[in-house]
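Participant: Here is my input; please provide its structure:
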Amino acid sequence: MARVDFYHLTRDSAESALAMLAGKVLGAGQRMLVVSADPAQRSAISRQLWEAPGFLANGEAGGENDTRQPVLIGDRPAAANDAGIVALADGQWREEALGFDRALLLFSESTIADARGCWRALGQQAGIERHYWSQDASGRWREGP
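Facilitator: Sure thing, here's the model as predicted:
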């Protein structure tokens, strides 16, 4: 069964949220692929990960050390680092994300309509477990209906 987690960014940026999520993924001994079509966002994500407490090693996809990166950042869901978790940082759903053990779709108010459509469409497919997360005023993630 594929699992898709919808992260509604109501307080923090995708970059900040990814630093927290990547820390948990790496802490569990797993690898992550972060996907964004926006080169500026990919650079900002990389900086945020390096500046996170304990810094989170990462690299841009297409380099010679892709297979060694615990967090690989690219423009499409192709995990040269054997990641089991893909994070779609730009709010754009990609069907290839269902090929991972777990997909994280981060979305803000500007991409909420697309996220809602994706939620509904995935709900029509067998074998997909969906979870919705939102931030409370303190920045903590709470699972919602």
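
Participant: ok, Val35 - contacts?
Facilitator: Ile73, Gly74, Asp75, Arg76, Pro77, Val86, Ala87, Leu88, Ala89, Asp90, Arg94, Ala97 (C-beta atoms under 8 Å, 6 or more residues apart in numbering). Placement of C-beta: from N, CA and C, glycine included.

Participant: Please apply the same query to Arg142.
Facilitator: Taking C-beta under 8 Å, 6+ apart as the test, what Arg142 contacts is Trp133, Ser134, Gln135, Asp136.

Participant: Kindly supply the ChimeraX command isolating those of the residues you listed that are buried.
Facilitator: Here is the ChimeraX command that selects the buried residues among the contacts of Arg142 (16 or more other C-beta atoms under 10 Å):
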select :133,135
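
Participant: Export the contacts of Arg142 as TSV, with columns for secondary structure.
Facilitator: Listed next are the contacts of Arg142 as TSV, based on DSSP: H, G, I helix; E, B strand; the rest coil:
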residue	secondary structure
Trp133	strand
Ser134	strand
Gln135	strand
Asp136	coil
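
Participant: Just flag the most distant two among the contacts of Arg142.
Facilitator: Largest separation among the contacts of Arg142 by C-beta to C-beta: Trp133 and Asp136, giving 10.6 Å.
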